[in-house]
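A.B. asks: Build me a model:
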Amino acid sequence: MVTGMAAALAAAFVWTLATRLFHGAGQDMPPLEMNAAKGLTALLLFSLVVAGGSGPGAFSLPGSEGALLLLSGAVGIGLGDTAYFRALQQLGTRRVLLLELLAAPFAALVGWFFLDEGMAWAAMTGLGLTLAGVALAVLSFPTQPGRGSSGRSVLWGVAAALCQGLGIVMARHAFTRTPLDASQAAWWRLVGGELLLVLILLWRRQPLAVTTYAGRGGLPKVLAAAVLGTFLGIWLQQAAISQLQAGVAQTLLATAPLFAMGLAALTGRRLGLPAVAGALLALMGVALLASQSG
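C.D. replies: A predicted model of the protein is given here:
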């Protein structure tokens, strides 16, 4: 549906803004601590929204499907975002967003095989055009100075994409079978992610020393990015996956590099012909997906 597509594109835009903040904060905070801090911030905000909208009863977990929401948060947010932040430190924004494209076809394939989410040829064509356009646009950017591309760094980016794609599929499967709204589903996914992170920190006997990083300048950036990308972004993401197939939703969420290009252009960076062609190709794909979702 068009509303779901708008929510997915809006989520991609706010995640682009948040990624820039996370990238700056990554110089001061380790990925695990950064993920835990941003998740806790968003969880507190969602708690206020859920309690204010539906009362304390809104926090009840709806059976086995609710447990799947917890698992989707543990995989997509707990593991996926930690790997994403690790890759962001080592590869930079452009390359990480490129690797993030892998989440869309992975989500579509998992949804196809396990959820029987059949896709029309036109929708599959739109998906392919969107991915090809974003890839062309991102690859047109020159390599950032000082950024490496070791195999381990790339594996972190691939792991982030796979975890987030799998998390999207599980969240959609659970969300569409529960009476929860988008904010409630997002709350439970964040709980799942935070629980996993706490277990990892306890296993490593590593306290979440937030005050250690407050003085380095990283914490304010993480908190701002958490409000923008995690709180608002996950809310929009849940609204999107409630109305769209997993592969379609993840494809639209993967358009974040196009918004990054727009921000770069606004700051005076010149965009070459391949970047413009890629953006137009991706827009054609989005339009084709919209025609199949209406």
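A.B. asks: residue ranges with poor pLDDT in the stretch 1-150 of the chain?
C.D. replies: For the stretch 1-150 of the chain, residues meeting the criterion pLDDT under 70 lie at 1-2, 26-28, 53-59, 61-62, 94, 113-119, 138, 141-150.
A.B. asks: One more pass at 80, please.
C.D. replies: 1-2, 23-29, 52-65, 91-124, 126-127, 130-131, 134-135, 137-150 (pLDDT under 80).
A.B. asks: what are the ranges of the helices in it?
C.D. replies: 2-25, 31-54, 63-73, 80-91, 93-99, 103-114, 121-139 (DSSP state H, counting those that start in this stretch).
A.B. asks: Out of these, flag the one nearest residue 187.
C.D. replies: Of all the helices of the stretch 1-150 of the chain, helix 31-54 sits nearest to residue 187, with 4.3 Å by Cβ to Cβ. For every residue, glycine as well, the C-beta is placed using N, CA and C.
A.B. asks: just how off-centre is the closest one within its chain?
C.D. replies: Centroid separation for helix 31-54 versus its chain: 15 Å, with Cα atoms, centre = their mean, to the nearest Å.
A.B. asks: Kindly report the same for stretch 236-252.
C.D. replies: That offset, for stretch 236-252, works out to 11 Å (Cα atoms, centre = their mean).
A.B. asks: can you put the helices of the stretch 1-150 of the chain in CSV and add mean neighbour count and distance to residue 250?
C.D. replies: Listed next are the helices of the stretch 1-150 of the chain as CSV, based on neighbours: other Cβ atoms under 10 Å; distance: least, Cβ to Cβ, whole Å:
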stretch, mean neighbour count, distance to residue 250
helix 2-25, 21, 8
helix 31-54, 20, 20
helix 63-73, 20, 13
helix 80-91, 24, 12
helix 93-99, 23, 14
helix 103-114, 21, 4
helix 121-139, 20, 9
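A.B. asks: Residue 197: which of those is closest?
C.D. replies: Of the helices of the stretch 1-150 of the chain, nearest to residue 197 by Cβ to Cβ is helix 31-54, at 4.5 Å.
A.B. asks: For that closest one, enumerate the helices and strands it packs against.
C.D. replies: helix 2-25, helix 80-91, helix 182-203, helix 210-214, helix 218-225 (3 or more Cβ pairs under 8 Å, 6 or more residues apart in numbering; DSSP states H and E).
A.B. asks: Check the gap between residue 223 and residue 45 for me.
C.D. replies: 11 Å (Cβ to Cβ, to the nearest Å).
A.B. asks: now do residue 231
C.D. replies: For residue 231 relative to residue 45 (Cβ to Cβ), the value is 5 Å.
A.B. asks: now do residue 286
C.D. replies: 29 Å.
A.B. asks: same question, residue 92
C.D. replies: With Cβ to Cβ as the criterion, residue 92 and residue 45 are 29 Å apart.
A.B. asks: Between helix 121-139 and the host helix or strand of residue 286, find me the angle.
C.D. replies: Assessed by DSSP states H and E, residue 286 sits inside helix 273-293. Angle, helix 273-293 to helix 121-139, by axes from the mean of the first three to the mean of the last three Cα atoms, to 10 degrees: 160 degrees.
A.B. asks: Who are the packing partners of helix 273-293?
C.D. replies: Against helix 273-293 (3+ Cβ pairs under 8 Å, 6+ apart) you get helix 2-25, helix 121-139, helix 246-253, helix 256-266.
A.B. asks: for these, which one sits closest to residue 277?
C.D. replies: Using Cβ to Cβ, these put helix 121-139 closest to residue 277, at 6.4 Å.
A.B. asks: could you point out which element follows that closest one?
C.D. replies: helix 151-175.
A.B. asks: in that next one, what counts as buried?
C.D. replies: 153-154, 156-175 (16 or more other Cβ atoms under 10 Å).
A.B. asks: Would you pull up how far it lies from the middle of the chain?
C.D. replies: That offset, for helix 151-175, works out to 9 Å (Cα atoms, centre = their mean).
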